[in-house]
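Task: produce atomic coordinates for the following.
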Amino acid sequence: MIVDVDDPSTWPAAVAEFVDDCEAELQGLGLAPTELVVPAGVYDERLVHLLAGHRLRAYHCARLLECEAAAIRSQGLRPLSGELVPDKLENAVRCGAITAEERARLHEHRRLDSAGLVVEGRVCLALSTADFGLAAHFFNPLPSCWGGEAIYAAHESGATGLAGLLRGLGRPSIVVAQLEASAIAATPSLTGSFVAVAAGWPAEEHGADIAYAGPVPPDFVEDVWHPGDADYDRFPDLVRD
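Have a look, this model is predicted:
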């Protein structure tokens, strides 16, 4: 069963009951919805246990070449690693998107650290599509420049002369993926997103950033959205080209 935080009709009964109990407990504190912060820890541990055997839908934003989108459909999503970046650059050379010289320059300035959304060994995703409407400015760098943060972060300032190249490669994309809850680390809280939806809180409370441990296999990849697709076009503030 696929669980979508934005659609309570997909929630297993035990999850819905747990979320209702959390909502009642938190509201009993007498705080306004915007003042409530659901801690992770014990709440998320319990929710992950209840989600066992189910897949949780999430969304990976990127700028992808056509060959990359096809590879994700057939091979899945790989976590960031020291091998992923050179493989990505080599594949771009083979697809004719960049030259060998450009590959060498991009590889020289690659970044593997935990700053921003770059987390080695993880795939980074958004839990709720509400973020694409209310926090599009936060996600737009990801589908605006090719390569992911590990590649494009060093070039955004224009100092390397490759920013224009990266903005012209590929096209904006959202990979719709299904995740095993046990491999999810959510910020600020997985439970908080469910409670926000159940309680009808403002949409800006619905989101969570996910760092997923391990690869997403191809049978866990539902779709890849691009501008022009109805699902992508629901979010007019996301980049278009």
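
can you give me the offset of the longest helix belonging to the chain from its chain's centre?
For the chain, the helix with the greatest residue count under DSSP state H is helix 13-27. Centre-to-centre, helix 13-27 and its host chain are 25 Å apart (C-alpha atoms, centre = their mean, to the nearest Å).

just checking, what packs against it?
On a contact count with 3 or more C-beta pairs under 8 Å, 6 or more residues apart in numbering; DSSP states H and E, helix 13-27 meets helix 42-50, helix 190-199. In this view, the C-beta of every residue, glycine as well, is placed from N, C-alpha and C.

what angle sits between it and helix 190-199?
90 degrees (axes from the mean of the first three to the mean of the last three C-alpha atoms, to 10 degrees).

Return the most buried member of the helices and strands packed on helix 13-27.
Most buried of the helices and strands packed on helix 13-27, by mean neighbour count (mean count of other C-beta atoms under 10 Å): helix 190-199, with a mean of 24.

What residues of the helix or strand following that one count as buried?
Using DSSP states H and E, the helix or strand that follows helix 190-199 towards the C-terminus is strand 209-213. By neighbour count with 16 or more other C-beta atoms under 10 Å, strand 209-213 contains the buried residues 209-212.

OK, contacts around the residue lying farthest from the centre of the chain?
What lies farthest from the middle of the chain is residue 30; by C-alpha atoms, centre = their mean that is 32.9 Å. With contact set as C-beta atoms under 8 Å, 6 or more residues apart in numbering, residue 30 has no partners.

re the thing from before, including distance to residue 102, could the helices and strands packed on helix 13-27 go into a markdown table?
Below are the helices and strands packed on helix 13-27 laid out as a markdown table (distance: least, C-beta to C-beta, whole Å):
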| stretch | distance to residue 102 |
| --- | --- |
| helix 42-50 | 42 |
| helix 190-199 | 40 |
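
which stretch among these comes nearest residue 24?
Nearest of the helices and strands packed on helix 13-27 to residue 24, taken as C-beta to C-beta: helix 190-199 at 9.7 Å.

Now do the closest one and helix 42-50, the angle between them.
Helix 190-199 runs at 80 degrees relative to helix 42-50, counting by the same axes, to 10 degrees.
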